[in-house]
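Visitor: sequence and predicted model, in that order:
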Protein chains: 2
Amino acid sequence: MNGSPNIARTAALIGDIARASMLSALMSGKALTASELAREAGVTIQTASSHLSKLEQGRLLKVRKQGRNKYFELASQDVANVLEGLMGLEAGTHPLKTRTGPSDAALRHARVCYNHLAGDMGIQLYDSLLANQYLKLANEKLILTRKGAQFVREFGIDIEHLQSAKAPVCRECLDWSERRSHLAGSLGRAFLQRFETLKWIKREEGSRIVKFSRHGDDAFNATF
Amino acid sequence: MNGSPNIARTAALIGDIARASMLSALMSGKALTASELAREAGVTIQTASSHLSKLEQGRLLKVRKQGRNKYFELASQDVANVLEGLMGLEAGTHPLKTRTGPSDAALRHARVCYNHLAGDMGIQLYDSLLANQYLKLANEKLILTRKGAQFVREFGIDIEHLQSAKAPVCRECLDWSERRSHLAGSLGRAFLQRFETLKWIKREEGSRIVKFSRHGDDAFNATF
DNA sequence: TTCATAGTTCGATCATAGTCGAACTATTCG
DNA sequence: CGAATAGTTCGACTATGATCGAACTATGAA
């Protein structure tokens, strides 16, 4: 009965359909405005405003003000993890219902998790980096090897810039669809951005689905 | 807006104070009866009954009927993980409030997480097993080495019995207080039980706190 | 300044669901 | 067979909070 009221507060915050829709939308990693989130959740702007201030107060969201717009995003990777965990519970619950539609299959194949690549392709990336000893698991920490740093640099990612920031470069993230780890952290984010710039992938508007172009798919498989 | 209603349903289930109290109590890993859980949550038995059936329906709890008693426990390690995640969010949110009392310090030192040891001592155990190469991280899977199996057997755990069951023997679990991994899975559970039989530890009634005896503390530190 | 758009605040309405008392079933123990 | 204990179901009460309309502030554009 110790920390229970606290977890109830947070869970109740997630436990509203409108707010859950907003949080789900933000799992794409993109920062969205209040109006966009209102539309996403299917409520009026006033209602959304109320929800968003609660989510911010509950430290689930982080806000950035830009002119007359207010951009919301998930407060941290930890928040994203909890949300993924909840999705995982639901997925594990109904083993029959898991493959409901094509969008579900697409999500399992490749999707955005907060700000990095998840799904089958995310796991392939992660496994390949480990197999090539670009990443190494030391204790329970994931670290980028020297060989890995060079590879990443040649792949077109400004690794020194990432390393100079205080945020962790490599981090594991558990996949709800595969129950395997994939790469998060600022490097995970950088890979996703790089794939986008290279036009290997295209992100569906308003969803977490990541679509590989024909060329991108070939190149990805050749590289990782 | 895809899986959002689902996560809202689950989160709302956790988001009630009475139910959160029950779930927290069950984080001790012990199976509790409906009346015990009612007392824990501070509601009448009728109310508890209603909550418990909802939690069961929502697949957060698993029920075992024994005579005229009904024993409830968390449905899976995944459920425990989500709950730990939620606690972690709360803990990370108020960095000032983290060290509220002595019970909090005790929880950080050694506690039960679902059915295995967590907190500082849990991490010490995990690290030691890795350092001695009793455990090994291969890809993202945790495996027990041959050397490790022998050690575990000599420590008084029937490892063959664990391995014959279908449940995973070794598993990682993330600590909310330390943000480090510790050992879960059936081996984690077996260690906890073994410590109890050896009288190294004693579990406080109705809480997650694990108390090491003077002898137990010495022995633990000598062994791990 | 005037207009348009983004977001907030307030107030009223309404539905959901948490709560308990009372009456029920089910199991165990003499 | 009762008597006692564990848990469930039902119904009524109530409080919380989600919702929207209307009126507000704030930023940007013309």
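Guide: Yep, it's here. In this text, all values refer to a predicted model and were calculated from it rather than measured experimentally. Residues are numbered from 1 along each chain as shown, chains lettered A, B, ... in the order given.

Visitor: helices of chain A, residue ranges please.
Guide: Using DSSP state H, the helices of chain A run over A:4-14, A:17-26, A:34-41, A:45-57, A:77-93, A:102-109, A:120-131, A:146-154, A:159-164, A:185-197, A:214-223.

Visitor: out of these, flag the one nearest B:Ser50.
Guide: helix A:4-14 (16.5 Å; C-beta to C-beta). No exception for glycine: its C-beta is placed from N, CA and C like everyone else's.

Visitor: let's have the helices of chain A in a markdown table, adding distance to chain B, mean neighbour count and mean pLDDT.
Guide: Putting the helices of chain A into a markdown table (distance: least, C-beta to the nearest C-beta, whole Å; neighbours: other C-beta atoms under 10 Å in any protein chain shown; pLDDT from 0 to 100) gives the following:
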| stretch | distance to chain B | mean neighbour count | mean pLDDT |
| --- | --- | --- | --- |
| helix A:4-14 | 3 | 21 | 86 |
| helix A:17-26 | 4 | 24 | 90 |
| helix A:34-41 | 6 | 20 | 89 |
| helix A:45-57 | 10 | 16 | 92 |
| helix A:77-93 | 4 | 22 | 82 |
| helix A:102-109 | 7 | 16 | 70 |
| helix A:120-131 | 6 | 20 | 88 |
| helix A:146-154 | 16 | 15 | 92 |
| helix A:159-164 | 20 | 13 | 84 |
| helix A:185-197 | 14 | 20 | 88 |
| helix A:214-223 | 19 | 13 | 90 |
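
Visitor: distance to B:Arg111 added to those, as TSV?
Guide: Formatted as TSV, the helices of chain A follow (distance: least, C-beta to C-beta, whole Å):
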stretch	distance to B:Arg111
helix A:4-14	14
helix A:17-26	29
helix A:34-41	37
helix A:45-57	29
helix A:77-93	20
helix A:102-109	35
helix A:120-131	31
helix A:146-154	36
helix A:159-164	35
helix A:185-197	28
helix A:214-223	43
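
Visitor: can you tell me which of these is nearest to B:Phe72?
Guide: Here helix A:4-14 is closest among the helices of chain A (C-beta to C-beta), at 15.3 Å.

Visitor: could you give the angle of that closest one to helix B:77-93?
Guide: Inter-element angle recorded for helix A:4-14 and helix B:77-93: 100 degrees (by axes from the mean of the first three to the mean of the last three C-alpha atoms, to 10 degrees).

Visitor: can I get the CA coordinates of helix A:4-14 in PDB?
Guide: Taking Å, rounded to 0.1, in the frame of the first residue of the first chain, the C-alpha atoms of helix A:4-14 are listed here in PDB:
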ATOM      1  CA  SER A   4       0.200   2.400  -4.900                       C
ATOM      2  CA  PRO A   5      -1.600   5.800  -4.900                       C
ATOM      3  CA  ASN A   6       1.200   7.100  -7.100                       C
ATOM      4  CA  ILE A   7       1.000   4.400  -9.700                       C
ATOM      5  CA  ALA A   8      -2.700   4.800  -9.700                       C
ATOM      6  CA  ARG A   9      -2.400   8.400 -10.500                       C
ATOM      7  CA  THR A  10      -0.100   7.800 -13.400                       C
ATOM      8  CA  ALA A  11      -2.100   4.800 -14.700                       C
ATOM      9  CA  ALA A  12      -5.400   6.700 -14.400                       C
ATOM     10  CA  LEU A  13      -3.800   9.400 -16.500                       C
ATOM     11  CA  ILE A  14      -3.000   6.900 -19.300                       C
END
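
Visitor: which residues does that helix contact?
Guide: Residues outside helix A:4-14 that contact it (C-beta atoms under 8 Å, 6 or more residues apart in numbering or on different chains): A:19-20, A:23, A:54-55, A:58, A:60, A:82-83, A:86, B:7-8, B:11-17, B:19-21, B:23-25, B:83, B:86-87, B:89-90.

Visitor: does DNA strand C have contacts with that helix?
Guide: No. Judged by C-beta under 7 Å from any atom of the strand, helix A:4-14 stays clear of DNA strand C, getting no closer than 8.9 Å.

Visitor: distance from that helix to the middle of the chain?
Guide: When distances are taken as C-alpha atoms, centre = their mean, to the nearest Å, helix A:4-14 is centred 22 Å away from the chain's centroid.
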